[in-house]
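# Model the following, please.
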Amino acid sequence: MPTEAVQYRCRDQIAFLLIDHPPVNVLAAPVRAGLSHALGAALADASVRVIVIACAGKTFSAGADIGEFDGPMAEPSLQAVFASIEASTKPVVAAMHGLALGGGVELALACHYRVATADAKLGFPEIALGLIPGAGGTQRLPRVIGAVAALDMIVSGAPVEAGVALQLGLVDAVVEADLMQGAQRFCEQLIGQGAPPRPTGARMVDVTGFDEAGIAAVLSKHSRALKGRKTQQLVVDALTAATHSDFDAGLAIERRIADCSIATLESQALRHLFFAERQVSKVPGVGPEPSISRVAVIGAGTMGSGIATACADAGIAVTLIDAHAEGLERGLALIASNYESSVARGRLTHEEAARRRGRIVDSLDLGAAAEAEVVIEAVFEDLALKQALLSKIAALTPASTVLASNTSTLSITELSRPCRDPQRVVGLHFFSPAHVMKLLEIVRAPATDPAALGRALTLAKQLKKIGVVAGDAFGFIGNKMMLDGYWREAELLMLEGATPDQVDGAMESFGFAMGPARVSDLGGTDVGTKTRIELFKRETRPEPYFVIADTLTAMNRLGQKTHAGFYRYRPGERQALPDEAVATLIETLASERGIVRRAIEPAEIVERCLLQLINVGAQVLESGVAMRAADIDVVWVHGYGFPRHLGGPMFHADSLGLKHVLDRIGHYGARMNNRSDYWRPAPLIETLARNVRSFADWDRERAGR
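As a prediction, this is how the structure comes out:
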């Protein structure tokens, strides 16, 4: 019986059930109902000997519909459909191409046989959402490939290629030609052999190596990606059920564990980010723009060469321009070194690296930027220098060219003021290394043309980056929250008695990859100092404001590049070693300011840093610099190392409860006499807490306007 989502046809004793549910054939309610009806039709047709389940379009199935996870799933459920397939009295073959993910692989495992095209990839990405495969995956997969291999595949979350799947036994054949023709030949062989159905649930589980040591080895292999996570233990529990229980009992246990995983805060946080990352590019009044084929990058330093590399990697022709030959040579050498490293690590072939490098041409002439569709300046963070450069570029290029500044804090309005056509100037705040980091803050001034903003979003998409639009204010979203919240509080904690190592250790235990002092040393203390010099030309901040970092800069303790910053470093090594000289310096700076030092517990360090991060985030949100609280979360997870499994600072605030956040800000404000209004709660937090609402509520209400 055909439906809109599942087409049915028969040929030569073979019934083909073709799922056609664009764009990625998720197993939504119409697909489940269609499969159930079509399977019934095939079983009732006496001429049918074998049944094939395949998918239309460019891929097999991306799995379950995530939108159904937060409510009751419409009948028939995935479990019921898969049980019917497995119970079929006629052999059922899954024919896969493109991506088969999550529920898509579970569908294939419910079938009796599996074939795939050579370019197919099969995987279980559920762990990225804090979930376990919940439609039989943890019970069927170990029966097909063994318990240890199943644990590795599910905990990894990464898809395996068809050839690897064949070696594992996950597929029975790889077809080189047309999928449907290959599937038909495979079915003809089954008919010729009189092959019966082969229910996966009836197979035995290979438990070789699935003991305490073997499980620990697999989890250790993925420990870096799973730092602070708990879902992996739920995976172990579900797979253990497959090794200790009969199939039906194992399915029941899996169902309970899957329901538990959906309800965890970890899964809620990860699903929040999943949707937030897809929402950030939606900007009211800004539509899609044509793709970009040529970019010019001005400044061949570390950031400029990284931006040029990112563009070349995306297939965009790049002109890299610098005013000095030696600077250009260093930039080109850095680009070559990065590509050589990618080849050495097996990420690129020599030929592909050469193709990408060939997309970059160099010039000492600013006029070489005239033909570019987007020009990105990436020179030093100096307002006057950037203004002069953008003004010159504006005079050289047509009005359709987008002019972008890779600034991390400077006002786009001020930068564009001397330019012809200032409405075409945007900020493109790349994060270092620019060819690796996924985040791109796109800054618009009040006068920015929506078309220019749209082209910037298009460029972000071409570069495979997550483009988050920010308003024009000091530090935009991320650096504003870092410099006026998180890092500022970290320095105050050091003045009050915590060592840099204690602050870093506390924040790393919370989940950050690196603490604030280590990050400062990595990037260079002088970078922040230069930013503050520019800031103080326009705004003020009450003392003490980064007095430690700025003093270190004045002492030429710039971090790793000078082997001394907040820490000391041995030549050629990156290990941060505590330095008594820094401890003495901080004590002196505190004494000069009348600050009484004391021992500070890690819990207080974490709480105060997070409260200030959240409080400044609320200011950024209420001022309109960020369109959504979810945008802030995306920025901080992808640009600043906030632990992904906690959902970002604003989601984390919601999980704590804004009444609790407000109370704790008030606690520290009272304890510290609210110096210079520093611990004054953001009005938005007060309003939301008073009305028992959350940042998520704020986003939903504004989206509905």
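
# list the buried ones in the host helix or strand of V31?
Following DSSP states H and E, one finds V31 within helix 29-44. For helix 29-44, a neighbour-count test (16 or more other C-beta atoms under 10 Å) marks 30-39, 41-43 as buried. Glycine gets a C-beta too; all of them are placed from N, C-alpha and C.

# Give me the below-cutoff pLDDT ranges for the stretch 51-200 of the chain.
For the stretch 51-200 of the chain, the stretches with pLDDT under 70 are 71.

# which stretches of it form strands?
For the stretch 51-200 of the chain, strands defined by DSSP state E, counting those that start in this stretch occupy the ranges 92-96, 99-101, 113-117, 121-123, 160-161, 173-175.

# how much space is there between the residue lying closest to L265 once chain neighbours are set aside and I632?
Of all residues not flanking L265 in the chain, S655 sits nearest, at 5.9 Å (C-beta to C-beta, 6 or more residues apart in numbering). For S655, the distance to I632 equals 15 Å [C-beta to C-beta, to the nearest Å].

# Compare the two and say which one has the larger neighbour count.
Ranked by neighbour count (other C-beta atoms under 10 Å), S655 and I632 place I632 first, with 32 against 15.

# Could you check which helix or strand contains that one?
Using DSSP H and E, I632 sits in helix 629-639.

# in the helix or strand following that helix, what counts as buried?
Downstream of helix 629-639, the next assigned helix or strand under DSSP H and E is helix 649-656. By neighbour count on 16+ other C-beta under 10 Å, the buried set for helix 649-656 is 649-654.

# I'd like the C-alpha coordinates of the helix or strand following helix 649-656 written as PDB, please.
Using DSSP H and E, the helix or strand that directly follows helix 649-656 along the chain is helix 658-671. Output of helix 658-671 as PDB, limited to C-alpha atoms (Å, rounded to 0.1, in the frame of the first residue of the first chain):
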ATOM      1  CA  LEU A 658      17.100  32.500  37.800                       C
ATOM      2  CA  LYS A 659      15.700  33.000  41.300                       C
ATOM      3  CA  HIS A 660      18.800  31.200  42.600                       C
ATOM      4  CA  VAL A 661      21.100  33.100  40.300                       C
ATOM      5  CA  LEU A 662      19.600  36.400  41.500                       C
ATOM      6  CA  ASP A 663      19.900  35.400  45.200                       C
ATOM      7  CA  ARG A 664      23.600  34.400  44.800                       C
ATOM      8  CA  ILE A 665      24.400  37.700  43.000                       C
ATOM      9  CA  GLY A 666      22.700  39.500  45.800                       C
ATOM     10  CA  HIS A 667      24.700  37.400  48.300                       C
ATOM     11  CA  TYR A 668      28.100  38.500  46.800                       C
ATOM     12  CA  GLY A 669      26.900  42.000  46.400                       C
ATOM     13  CA  ALA A 670      26.100  42.300  50.100                       C
ATOM     14  CA  ARG A 671      29.300  40.600  51.100                       C
END
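
# gap between helix 658-671 and the chain center?
31 Å (C-alpha atoms, centre = their mean, to the nearest Å).

# pLDDT averaged over the very next helix or strand once past it - what is it?
Using DSSP H and E, the helix or strand that follows helix 658-671 towards the C-terminus is helix 683-690. Mean pLDDT, helix 683-690: 97.

# which helices and strands sit right next to helix 683-690?
Using 3 or more C-beta pairs under 8 Å, 6 or more residues apart in numbering; DSSP states H and E, the elements in contact with helix 683-690 are helix 602-622, helix 658-671, helix 695-703.

# Can you add mean pLDDT, mean neighbour count and distance to A470 and give the ones you listed back as a markdown table?
Below are those laid out as a markdown table (pLDDT from 0 to 100; neighbours: other C-beta atoms under 10 Å; distance: least, C-beta to C-beta, whole Å):
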| stretch | mean pLDDT | mean neighbour count | distance to A470 |
| --- | --- | --- | --- |
| helix 602-622 | 98 | 23 | 8 |
| helix 658-671 | 95 | 16 | 23 |
| helix 695-703 | 93 | 16 | 16 |
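
# Could I get these in JSON lines, plus columns for distance to A120?
Shown next, in JSON lines, are the helices and strands packed on helix 683-690 (distance: least, C-beta to C-beta, whole Å):
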{"stretch": "helix 602-622", "distance to A120": "42"}
{"stretch": "helix 658-671", "distance to A120": "46"}
{"stretch": "helix 695-703", "distance to A120": "37"}
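
# Which of those helices sits closest to L457?
For L457, the closest of those is helix 695-703, at 18.1 Å, according to C-beta to C-beta.

# Excluding its own residues, what touches that closest one? List them.
272, 618, 621, 628-630, 650-651, 653-654, 658, 684, 688 (C-beta atoms under 8 Å, 6 or more residues apart in numbering).

# What of stretch 320-329?
Stretch 320-329 is contacted from outside by 296-301, 304-305, 308, 331-332, 335, 360-366, 368-369, using C-beta under 8 Å, 6+ apart.

# what about the strands in the stretch 451-600 of the chain?
466-471.

# now the helices for it?
478-481, 487-496, 500-510, 516-523, 525-535, 547-554, 580-592 (DSSP state H, counting those that start in this stretch).

# Ranked by average pLDDT, which of those falls at the bottom?
Among these, helix 525-535 scores lowest, at a mean of 91.

# can you give me the angle it makes with helix 516-523?
Angle of helix 525-535 versus helix 516-523, following axes from the mean of the first three to the mean of the last three C-alpha atoms, to 10 degrees, is 90 degrees.

# Would you enumerate the residues in contact with the closest residue to D699 other than its chain neighbours?
Nearest residue to D699, sequence neighbours excluded (C-beta to C-beta, 6+ apart): R628, at 4.8 Å. Contact partners of R628, counting by C-beta under 8 Å, 6+ apart, are 276, 279-280, 621, 699, 702-703.

# Nearest to W679 among those?
Out of these, the member with the shortest distance to W679 (by C-beta to C-beta) is L621, at 18.5 Å.

# so what's that closest one closest to, chain neighbours aside?
Nearest to L621 is A629, by C-beta to C-beta, 6+ apart, at 5.6 Å.

# pLDDT value on that neighbour, please?
pLDDT for A629: 98.

# Pretty sure it sits against M650.
Yes. Between A629 and M650 there is a contact under C-beta atoms under 8 Å: 3.9 Å.

# any residues in contact with both of those two?
Joint contacts of A629 and M650 (C-beta under 8 Å, 6+ apart) are 617, 621, 695.

# Tell me the one of those nearest S267?
F695 (18.7 Å).

# Just give the closest residue to the closest one, not the sequence neighbours.
A629 (3.7 Å).

# which residues sit in contact with the one you found?
617, 621, 650-651, 695-696, 698-699.

# quick one on the thing from earlier: quick one: residues in contact with the helix holding V31.
1-6, 8, 10, 15, 17, 19, 21, 25, 48, 51, 53, 65, 68, 73-74, 76-78, 80-81, 84-85, 88-90, 92.
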